[in-house]
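Peer 1: turn this into a model:
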Amino acid sequence: MDKESFKDNAHRAKDEFDELKESAHRTKDEVKANLKRAKKVKVILSILKLTLLAGIVIAMPLYVYFFQKDFLNQFSSFDDIIAFLEMYKTQSIFIYIGVQVMQIVISIIPGQAFQFAAGYLYGFLPGLLYSIVGATLGTLISFYLAKLLGKDAIHLFFGEEKMTYFIDRLNSKKAYTIVFLIYLIPGLPKDIVSYAAGVSEMKFKPFLILSLIGRTPGMAGSLLIGALYMKQHYIGMGIIAVFAVIAFIICIIFRKRISKYLDKFYEKIVD
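Peer 2: Residues are numbered from 1 along each chain as shown. Sure thing, here's the model as predicted:
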């Protein structure tokens, strides 16, 4: 090969290398631009998800409270709720289950008052069955609604690293113990916990089981009071109230043993 041909080949090789280098830079810039666009889209979707979740959890209850007072006034007393359910006869069962679901999802309908009414109208065991069905559906909806709409948005606003730190602890055994006690102890805000669990990485099966076990004594007590009220067994109602207080005190005294038992139970239902 002569000197001129060698130079031509070298120049061509250099030009091809420069083209490849420029093409690589263009590809790199395009990848960066695509990643930037994808990040913007993710941010927008996260904000929309958070807005929708806030609308369901906050705006909807506020709307019902301030602009649908006539609807809420139908449930202002025990007798009003009884009259409302009796108006629909056999359909009232589905209405009652729906109310239990909505009470968990939007946290504004008086669920306990409806449980009194269910015990009065349907009796203890049927009322308990309908209550468990409603609680299961409500927990499922709020848990997965939060998981679908809230996780990315929560990571966006609070930082993924920080949220991961707390989520790891929410997945611990003690987190499920806390969840159980929140549902067990009367007067504590319960229904927002389903959303918090959904936003975290808690497993649904143990969360559902522990929340239902925690809910059941309170639901059973409300249903029994309603059933006894129908029969005018006021002494029985008083006994239930005393028993509830004693059970609460026992839970406080033996909370450490209960926690250990729940840890073992948690291991069984997670496996």
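
Peer 1: rest of the way, CA atoms for contacts and neighbours
Peer 2: Fine.

Peer 1: for residue 236, which non-adjacent residue is closest in space?
Peer 2: Nearest residue to residue 236, sequence neighbours excluded (CA to CA, 6 or more residues apart in numbering): residue 228, at 6.8 Å.

Peer 1: revised request: answer the last question for residue 147.
Peer 2: residue 198 (4.6 Å).

Peer 1: my guess is that neighbour meets residue 146, correct?
Peer 2: Yes. Contact criterion CA atoms under 8 Å: residue 198 and residue 146 qualify, at 5.0 Å.

Peer 1: one step back: and the residue nearest to residue 147, what element?
Peer 2: Using DSSP states H and E, residue 198 falls within helix 192-199.

Peer 1: next one: residue 243
Peer 2: Going by DSSP H and E, residue 243 is in helix 234-253.

Peer 1: could you check that helix and say which residues are buried?
Peer 2: 237, 240, 244, 251 (16 or more other CA atoms under 10 Å).

Peer 1: for that helix, which helices and strands make contact with it?
Peer 2: Helices and strands touching helix 234-253, by 3 or more CA pairs under 8 Å, 6 or more residues apart in numbering; DSSP states H and E, are helix 204-230.

Peer 1: measure how the helix it packs on sits relative to helix 192-199, angle-wise.
Peer 2: 170 degrees (axes from the mean of the first three to the mean of the last three CA atoms, to 10 degrees).

Peer 1: use 437 as the first number for this chain going forward.
Peer 2: With 437 as the first residue, the last one maps to helix 640-666.

Peer 1: now helix 640-666: buried residues?
Peer 2: Buried, per 16+ other CA under 10 Å, within helix 640-666: 640, 642-644, 646-666.

Peer 1: packing partners for it?
Peer 2: Under the contact definition 3+ CA pairs under 8 Å, 6+ apart, helix 640-666 sits against helix 547-558, helix 560-594, helix 609-620, helix 670-689, helix 691-706.

Peer 1: from the contact counts, what lies against the helix holding residue 634?
Peer 2: Packing partners of helix 628-635 (3+ CA pairs under 8 Å, 6+ apart): helix 560-594.

Peer 1: residue 571: neighbour count?
Peer 2: Residues lying near residue 571 (other CA atoms under 10 Å) number 28.
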